[in-house]
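Visitor: Fold the following, please.
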Amino acid sequence: GREFGTSEEERVVRLGDTQALRTEWVSTDALIATVPPGVGMDLPVTVKVLGVDNKWRVGTSPYAFRYSAPYIYDIKPVVVGRPLVGPMEVTISAWGVGLWDTNPTAQMNGVSCAKTTWVDNRTIVCSIASNQRVAQENPEVRVGGQRSSCHVLRPGICTVSLHHRSVNSPKALKVQIRAIEAHGGDASWLKERLAAMTVSYATNTDDHPCKSWTDCRVKSFDQALVSGLIMLFTGICFFVTIFFLCKAVQYLYTVTEDWILISSGRKEEPEDDEDELDPFELNIRFF
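Guide: This next block holds a predicted model:
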């Protein structure tokens, strides 16, 4: 921004309704604010500077800040081979659901929990109503207008991402790593998994370190030229193969027809003189 004053002037930075823990003056156009834990998206950022005349100068930027969305990493209990049947409580472990009760809502496989109970910044309890049957898949927590992402490593829990993409891909693992590190967690085990996954790509070399098909499809002119020639050669081989197959079928049809006519006595058997055969027909016979 602009007109943040001098380093000696008092200033206050607020993110939504929450005041920054610490503010560091860099220049009249830049400040560094330490963000307190919280939830929410599209929050306004307000800067107040107390001038030498003891009057506050206030500037606000709407929709300028958002916290990282909640990140689900575990769920208990885990029921295998059958749906969850109420009444029961399911504990959802997630980062970033708030240091205080902001009335989050939870759901399981698209079905809202009968009651959602906030416990702490990493724990939500989903209560399933009596006689309610819910598949234990894709748990979700909504808090501060944001939807959580599901990254439980137990098989069958997280089956789709927020955008209905597969959760088992290098791109999805990168998203998980960024989310864990944004909350101060240790993502070294996911980085090892990502490294093991990326080396499986045949095109992953030192010169072309692509990590997915999207990264690898951008080629240089020489590579594109070679690819084009390979495709052209493949097309020619395909059409030549189709041509000879058609000729072979035609020859077999002619031979079969002649054999039927000769067997029924409606055509005399010709002399089999290979010297008088058409070269193409002779090649087909040898084939």
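Visitor: same for the lengthiest strand in the chain, what does it pack against?
Guide: In the chain, with assignment by DSSP state E, the single longest strand is strand 56-65. If you count contacts as 3 or more C-beta pairs under 8 Å, 6 or more residues apart in numbering; DSSP states H and E, strand 56-65 packs onto strand 43-50. No exception for glycine: its C-beta is placed from N, CA and C like everyone else's.
Visitor: before we move on, back to that, how about residues contacting the longest strand of the chain?
Guide: 1, 3, 5, 15-16, 42-51 (C-beta atoms under 8 Å, 6 or more residues apart in numbering).
Visitor: Please list only the buried members of those residues.
Guide: Among the contacts of strand 56-65, those classed as buried by 16 or more other C-beta atoms under 10 Å are G5, L15, G16, L43, V45, T46, V47, V49.
Visitor: if we can go back for a sec, let me see the mean pLDDT of the longest strand of the chain.
Guide: Average pLDDT, strand 56-65: 84.
Visitor: Relative to the whole chain's centre, how far out is that strand?
Guide: Strand 56-65 has its C-alpha centroid displaced from the chain centroid by 34 Å (C-alpha atoms, centre = their mean, to the nearest Å).
Visitor: Return the set of buried residues in that strand.
Guide: In strand 56-65, counting by 16+ other C-beta under 10 Å, buried: F65.
Visitor: where do the helices sit along the stretch 151-287 of the chain?
Guide: 170-182, 188-198, 213-216, 221-263, 279-286 (DSSP state H, counting those that start in this stretch).
Visitor: Which neighbouring elements make contact with the fourth one?
Guide: Packing partners of helix 221-263 (3+ C-beta pairs under 8 Å, 6+ apart): helix 279-286.
Visitor: show me where pLDDT drops low in the stretch 101-250 of the chain?
Guide: 160-172, 183, 185, 189-190, 193, 196-223 (pLDDT under 70).
Visitor: from what I can see L173 touches L194, true?
Guide: Yes - checked against C-beta atoms under 8 Å, the pair L173 and L194 is within contact range at 4.5 Å.
Visitor: Excluding sequence neighbours, find me the nearest residue to P70.
Guide: Distances taken as C-beta to C-beta, 6 or more residues apart in numbering put S148 closest to P70, at 3.6 Å, once the chain neighbours are dropped.
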